[in-house]
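Visitor: This is the structure alone, sequence omitted:
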């Protein structure tokens, strides 16, 4: 692992590659392209998917006017790319050898296979929620355990729901100390454009406890968590209700929770009265903002959903599933590469480049 | 009120009328028609709706081979009924004068107006959840407060979600004593066939606390309840997750809860493994049973959703919104008319005639 | 085939078996149970599905108070049935040997395999639309080519959309002679209760021409047909728009079409004004009728959708996908068994027992 | 009208205002902001809607880095805007007096009222499809009747479906001459984010003929058109099937149609095989392109939907309802202001600035 150590503490921009240009990979590439202290060396994929053809239609120019160089993974058919006149920069291995760190957003399970290459060429990597925890040294969340990721070679991000959920629970935890949470996840069943999965006029329940509750306990081991997940036939964001219990029988007041949530850069507090009626309002708002792809990095939190239940507090959050993990993944680069050594500095730098939290000043 | 008293303690069948032949009214009429100790004198409505035209297509024969005589409320256009050759038995007032008790399933608010007539002619009445509580002497639930309804003239039923929710909470309460519940209601936004309301690819959140939590506290004043409601674009049943806390810090084990639920006649415990994947599975199952209208009187409760959260218990139930209140409304007739004097006897008789709980023996 | 011939021209009831007790199989069993001149000997299936468990919950009593005896196909696990206390009457082969004709509603492709057994034991069979045409001697539709099925051993029914479509096109064809049709199928993507398929917020288009247009030409070879099919995220019935061109440049007037449709027993003409706003209205109406499973045998046809396009006529029909093929399948029994020798007599007998067309007199 | 004439033939940029900053208004403002020969003077609205608050969150900077100055219509509450610190540039009348032409995308009916002001201050205006035809001098479509709009003071655009439909029909018409079309509109029932309208598990049919067919005949009077419209519970684009008949009994071959469609800058021909499975694929693709708001100006046309029906041709198109009318509205400015005097020049200039048709070269 000496080879990896050589690369950290760069004065120059950190070189980043992205494996898998799907729903998450596209957004990771965009997120990296927006970081002033990172360089997107390239992206890697297997086939000339519509996402890659869209990139080609834009002359391979992505976010922040950055060119996205395309590398091909093993097994890719070069002729298929040539057919659409898509320029190819090299092989996956060449990409891996050209970067300090890979963001792996391959389909679930492929990341574990890719890790063999990462180890071979001596490059760090950050995996997404679809991989098993064992693929990584640390199961990571930018706000909850940034320091655990410092200098680590292989990190795995929490999944979309868990990422957003932990933002809110960690936020309360740092104010009063949280002992227990019970969640209900009202899950979007597909992303916009998905034809390979879907529900029609049906709610679908999973066996309890949901994996998100279990994952939360892995990241925040002092919290006892359980929960139930129900799939719903929508595409624009999950809604999670959270019932949180403080340590030592302390009461969490509505005001206390509201104040904490309002201060968090990655939590957008909204109200029904002003027009945020549900997950689709937040999706529309992100489009109205002109955000690339109509994405939003913040989770929504309805102020008028916050209610006290005895000493406990209950509230509802909205998870923009396509984009919510991007900031914490960028945080992971910062931790792994020791670009910033504290949670506060690391997340602040990510937020600055992603323009997160600007609205807090309004 | 002397007039009303005269009518109770009949040896003969109790005479029942139904005002409003909509989604609930049709099912109330069916429910009464199935009671061996009740007589459906007639139904009343305003216009030759499709529901009434369907009845006409069946020669006015409804459930249990009973003829449903149609009475017209004030303002009804007799010619409109004549156009479709729909026989009319008389006026709404005539119906009210011919019965011991009216079941009022008029549109919300109309029941309060109808009450003037009920008082005038001296007939008892049971209102549905759409009316204000003030319309009635008692806010009623067959299992939770049957005795409070005994001999009362005006009762109001809980709404569909609250009715099903209280079944489950009351069930636990009688076993261990419940002190607090926090609920998340994943609400179906429309009934099958509704074109006047609907959501498309959107979840919609209501201000917390939900009225169902508040209503539960009215019926079960020793329980502190709160909750969040989210509308979802489906039609076949609500799903509610419940987190229940026992009194005095007692622990509710999974086994304890499961045993209690399995014994309850109006709770159908199911599992995901056997194929009950969500609300639509239960709707399909009711159709496969050949149940009239594809209805189900029981709430569903997923055994594999029951999880412990510290000392608390969490679980998910399914509410068949169109039919769930029918048994408790029949219970209300029994209480109001003093047909049976205890909760156990009243609900048992209702269950017997509605064939509820047969499956428990399998 | 001598063996088969022996069985026809019975004075006694025709003995019928049903293979596969799924969405179609259940309804075929019900349909047969309602025929005064047929006897449902039994049904066959592989596993104790929820549909079979629903039957068990009803003590194996189905439509028309008929007992549905259950036979097990090869590979069925008897213990699994015993676990739920489901009585078993015998093997699939025993069922086949006890009947005059089998209705095969097995999953697509299994029917072709079952045919080997049907041939071995010398029993006739009728296959559903999921099988290839080659499985049968005749591709059959009760109204369009009844006589072709007379005495045939193996018939295959048209699929749900094609069955309903041909009803309407054949209806016009017999009035004026149809030369060409162009259809747009707005298809429901799943049945109520389906969790294995579904679309969420998406329309999905198939390659043209749709198979329904091709199938129509097989049944009605004098008509040129083409069409486009789009899947939509709903469960209660397909809607098809039809543009029909008469032979020899003749004009089809709106009145001519309307008169023909109104006379057809299996076409229910409705209007938007009276409240039939779409496919869900028709589903609700069938439930309000108290029809078993909320089914409807007739296709809906919107009178206010009929418009002239030059000499052509355009209109929209509704296909209740779960139940629409039942009458034509019963017709197929009648044809195959030579119970009635003409289209008019055969379909009339089916209609009588299924109570189709009663509403025409209103 | 002399006042109006003064303003045309500017060498300087044409000054444009937008009334109503809703779904269409936002996109019109963006479209104008992208035109090199136009200046967006400002937008006008009534309340600090979420769309305007999103603009505020971006410091009032919209597309192409242009500042969108906000003017308030009569009745607007200035304090409500001040509450959110939204800068106000002036009144609606002041905006109208500062521009050469107004794009009116007010709610249906309000445009007619606004016209009084436009006439008073002597400014031209272009109305959207929600207004009555009588509000304008010309019912306009950039490709079908550009020259009719030349120098006219008041134009009304076709609605979203009609705009896209006419693109395709006009495209064929110019190749071979079209005499008759029959359309089936599979309509999205709501836009993403809509909570005031929606369908849940239901198709809804309108009375025939659909207004789009009637509107097409107004723009293209030599064509006979009819059609049926069915609403479906989706948000990402309508699909229309078109059956087109050529004049004089000529045959339209698949190749002929395909060649014409492929050449049209505002028609994006796609195939199912490459992954464009339906309307949601096109929405996703536009997001993947990084298009502002995830919009697309082109209609989609499935090459594998094109089939011959005798001499006629049938095909399916996709209408991106939120953005499809923007190019033709920009065309209308060009025609009304005589910026370009021919259809070819006017639409080409619009296409150039909106970057439409770039992909045709790939």
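Guide: Received it, and whenever you're ready, just let me know what you need. Remember, predicted model here, so these are calculated numbers, not experimental data.
Visitor: only C-alpha atoms for contact and neighbour calcs from this point on.
Guide: Noted.
Visitor: and the gap between residue A:288 and residue B:54?
Guide: The spacing between residue A:288 and residue B:54, counted by Cα to Cα, to the nearest Å, is 47 Å.
Visitor: I meant residue A:299, not that one.
Guide: Here residue A:299 is placed at a distance of 49 Å from residue B:54 (Cα to Cα).
Visitor: In terms of neighbours, single out the busier of these two.
Guide: residue A:299 (28 against 21; other Cα atoms under 10 Å in any protein chain shown).
Visitor: so that one touches residue A:264, yeah?
Guide: No: distance between residue A:299 and residue A:264: 10.3 Å, which falls outside the contact criterion (Cα atoms under 8 Å).
Visitor: Let me see the contact set for the residue nearest to the spatial centre of chain A.
Guide: In chain A, the residue lying closest to the centroid (Cα atoms, centre = their mean) is residue A:325, at 0.7 Å. Counting by Cα atoms under 8 Å, 6 or more residues apart in numbering or on different chains, residue A:325 touches A:157, A:158, A:159, A:160, A:163, A:164, A:297.
Visitor: same for the biggest strand by length in chain A, what does it pack against?
Guide: Determined from DSSP state E, the single longest strand within chain A is strand A:178-188. Helices and strands touching strand A:178-188, by 3 or more Cα pairs under 8 Å, 6 or more residues apart in numbering or on different chains; DSSP states H and E, are strand A:224-232, strand A:238-246.
Visitor: Could you provide those in JSON lines, with additional columns for mean neighbour count and distance to residue B:149?
Guide: Below are those laid out as JSON lines (neighbours: other Cα atoms under 10 Å in any protein chain shown; distance: least, Cα to Cα, whole Å):
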{"stretch": "strand A:224-232", "mean neighbour count": "25", "distance to residue B:149": "36"}
{"stretch": "strand A:238-246", "mean neighbour count": "25", "distance to residue B:149": "35"}
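Visitor: how close does residue A:175 get to residue B:236?
Guide: Taken as Cα to Cα, the span from residue A:175 to residue B:236 is 41 Å.
Visitor: Look at the two and report which has more neighbours.
Guide: Using other Cα under 10 Å as the criterion, residue A:175 and residue B:236 rank with residue B:236 on top: 30 against 14.
Visitor: Correct me if wrong: the more buried one contacts residue B:186.
Guide: No: judged on Cα under 8 Å, residue B:236 makes no contact with residue B:186 at a distance of 11.5 Å.
Visitor: quick one: residue A:52 and residue A:25 touch, right?
Guide: No: taking Cα under 8 Å as the definition, residue A:52 is not a contact partner of residue A:25, at 11.0 Å.
Visitor: sorry, back to before: so of the contacts of residue A:325, which ones are in helices?
Guide: A:160, A:163, A:164 (DSSP state H).
Visitor: still on that earlier bit, what score does the residue nearest to the centre of chain A have for pLDDT?
Guide: Predicted confidence (pLDDT) at residue A:325: the value is 98.
Visitor: distance of it from chain D?
Guide: 18 Å (Cα to the nearest Cα, to the nearest Å).
Visitor: do the same with residue A:360
Guide: Look at residue A:360 and chain D: by Cα to the nearest Cα, they are 10 Å apart.
Visitor: Give me the secondary structure label for residue A:255.
Guide: Taking DSSP: H, G, I helix; E, B strand; the rest coil as the rule, one finds residue A:255 in the helix state.
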